[in-house]
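**Student:** from the sequence below, what's the structure:
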Amino acid sequence: MPFAWFVAFRYLRDAKGQTALILAAVSVGVGVVVFLSALIGGLQTSLVDKTLGSQAHVTLHRPREAPRPLVEPVGDRAIARVMQPAPQRLRSIDSWPTTMAEIERVGGVTAVSPMVVGAGFARRSEAKEAVLVRGVDPERLLAIIDVRKKIAAGRFDVVGSDVAMGSRLAQLLNVGVGDKVRLTTTEGAEDVVTVSGIFTLGNEAVDRTWVVTSLRHAQSLYALPGGATTIEVKVANVFDAERVARDIHERTGLDADSWMKLNAELLAGLAAQSNSKALIQFFVVVAVALGIASVLVVSVVQKSREIGILRAFGTASRRVLAVFLIQGGVLGLAGSLIGSGFGVLLAKIFERVLRGPDGAPQFPMALGLPLFVSATVMATAVGLLAAVIPARRASRIDPAMAIRNG
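**Tutor:** Numbering: from 1, shown residues only. Predicted coordinates:
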């Protein structure tokens, strides 16, 4: 074993009480960081999954129609106008198959789905509810929102006049699988459809209003032969959605709304959680660094005579420096390994004890290798940095003064 390592371990072994105390402090600190990081990461993942379980990452549609002035100004003549918003009508995206092909080439895009989306009413007997009709290509829709996994009754089959609707809407209309419902669109078209499936996406507005039908059926209902009013996009990294939306807008000229723009309050909450996690980590790091540094400073004082003898026998100052840096690194590394295990144990107990009525964890934990690697690197680096001042002090000890006063 190299000389510096031998002396470092000897010092740690001689001061067993101090070593055990600082090792416990580092372990608790790392355990707290691992536990809170897993908790906050799990909460963020759960919130994002629940939010995006019923919506695309990016939604594209034609720009709103702007009002056109009736009289153009001529020369220096001034014209007073009252500008009113133009009435909006359901319009198809021009050349939407070509546009979809262009969107699929944008970096980060994993799935694209065309839709006809329009308002209407669903009626059964005396019950009448406002609905949002969504005409979809089933396979493309499932690549963005996996409705098939959310089916509560029946099956997801939207061929012909078969439709799937939200569970809350089915409850309000008092319908089940196989029942008939009359759809009336804002374009004045009517059709009797059959409920093939009932889904629950966990979003009250969605489960109360959505009626999903085939793309061709919706084109017929809204007098848009071969048209698509909306294109929905899924991206690989959900937090890249805004960047992808800007890229698509620049390429196609379509209005692009990302989930980050539509859920600004949720995004602000996620940012606040991340900031709180960073703040907690900062204070834990400071506490661990101060603990390691104080123990090593005391060790330098206690071992000053021995250090002076080592220096008198020709031990280079860089070797003395290495002895204390090794102690700091070892304490940080060992504490991170013990603390990671402690944090995982806390997370598993917390996850197992707090469960919802369905048996699922109320607070899912995001445990993974990157979390443990970052905790280990952080604790080891903090141990090394905390040892710098004591190590420099030890390496500068005058041998004669240390031996005489030791």
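**Student:** hey, let's count contacts and neighbours off CA atoms from now on
**Tutor:** Noted.
**Student:** ok so G160 is a strand residue?
**Tutor:** No. Under DSSP: H, G, I helix; E, B strand; the rest coil, G160 sits outside any strand and is assigned coil.
**Student:** was I right to think it contacts A218?
**Tutor:** No. With contact defined as Cα atoms under 8 Å, G160 does not reach A218; the gap is 10.1 Å.
**Student:** more neighbours: these two, which one.
**Tutor:** A218 (25 against 13; other Cα atoms under 10 Å).
**Student:** the closest residue in space to the more buried one that isn't next to it in sequence: how many residues sit nearby?
**Tutor:** Spatial nearest neighbour of A218, chain neighbours left out: G135 (4.8 Å); criterion: Cα to Cα, 6 or more residues apart in numbering. The burial count assigned to G135 is 28, neighbours taken as other Cα under 10 Å.
**Student:** not counting sequence-adjacent ones, nearest residue to D247?
**Tutor:** Nearest to D247 is V106, by Cα to Cα, 6+ apart, at 7.5 Å.
**Student:** and the helix or strand containing Q44, average pLDDT?
**Tutor:** Using DSSP states H and E, Q44 falls within helix 16-52. The average pLDDT for helix 16-52 rounds to 83.
**Student:** parallel or antiparallel, which strands does the next helix or strand after that helix pair with?
**Tutor:** Tracing the chain past helix 16-52, the next element assigned as helix or strand by DSSP H and E is strand 58-61. Neighbouring strands of strand 58-61 in its sheet, by DSSP bridges, are strand 230-235 (antiparallel), strand 255-258 (antiparallel).
**Student:** which one of those lies nearest to A322?
**Tutor:** strand 230-235 (48.9 Å; Cα to Cα).
**Student:** relative to helix 16-52, how tilted is that closest one?
**Tutor:** Inter-element angle recorded for strand 230-235 and helix 16-52: 160 degrees (by axes from the mean of the first three to the mean of the last three Cα atoms, to 10 degrees).
**Student:** how far does strand 230-235 sit from its chain's centre?
**Tutor:** 19 Å (Cα atoms, centre = their mean, to the nearest Å).
**Student:** return it as PDB; C-alpha atoms alone will do.
**Tutor:** Extracted in PDB, the C-alpha atoms of strand 230-235 (Å, rounded to 0.1, in the frame of the first residue of the first chain):
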ATOM      1  CA  THR A 230     -55.300  19.900 -35.900                       C
ATOM      2  CA  ILE A 231     -52.000  18.000 -35.800                       C
ATOM      3  CA  GLU A 232     -50.800  16.700 -32.500                       C
ATOM      4  CA  VAL A 233     -47.200  15.900 -31.800                       C
ATOM      5  CA  LYS A 234     -45.300  13.800 -29.300                       C
ATOM      6  CA  VAL A 235     -41.700  14.500 -28.500                       C
END
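**Student:** what residues does that strand touch?
**Tutor:** With Cα atoms under 8 Å, 6 or more residues apart in numbering as the test, strand 230-235 has contacts from 56-62, 92-93, 100, 108-117, 144, 241, 244.
**Student:** next, the contact list for Q44, please.
**Tutor:** Residues counted as contacts of Q44 (Cα under 8 Å, 6+ apart) are L270.
**Student:** show me what A130 is bridged to.
**Tutor:** Beta-bridge partners, per DSSP bridges, of A130: F121.
**Student:** quick check: pLDDT value at it.
**Tutor:** What the model reports for A130 is a pLDDT of 93.
**Student:** dump the residue contacts of it.
**Tutor:** Here A130 is in contact with A119, G120, F121, A122, T209 (Cα under 8 Å, 6+ apart).
**Student:** now with 10 Å?
**Tutor:** A119, G120, F121, A122, R123, L169, L183, T184, T185, R208, T209, W210 (Cα atoms under 10 Å, 6 or more residues apart in numbering).
**Student:** likewise F121?
**Tutor:** 128-133, 181-186, 190, 209, 211.
**Student:** burial-wise, tell me which of the strands paired with strand 58-61 comes out on top.
**Tutor:** Comparing the strands paired with strand 58-61 by mean neighbour count (mean count of other Cα atoms under 10 Å), strand 230-235 ranks first with a mean of 24.
**Student:** K128 - that's part of a strand, no?
**Tutor:** Yes. According to three-state DSSP, the state of K128 is that of a strand.
**Student:** these two touch, right, it and L172?
**Tutor:** Yes. The criterion here is Cα atoms under 10 Å, and K128 meets it with L172 at 8.5 Å.
**Student:** circling back: which single one of the contacts of F121 is nearest to G29?
**Tutor:** T209 (48.7 Å).
**Student:** tell me the pLDDT at the closest one?
**Tutor:** Looking at T209, its pLDDT is 93.
**Student:** that one contacts M165, correct?
**Tutor:** Yes. With contact defined as Cα under 10 Å, T209 reaches M165; the gap is 7.8 Å.
**Student:** out of the contacts of F121, which are buried?
**Tutor:** Taking 16 or more other Cα atoms under 10 Å as the criterion, what is buried in the contacts of F121 is E129, A130, V131, L132, V133, V181, L183, T184, T185, E190, T209, V211.
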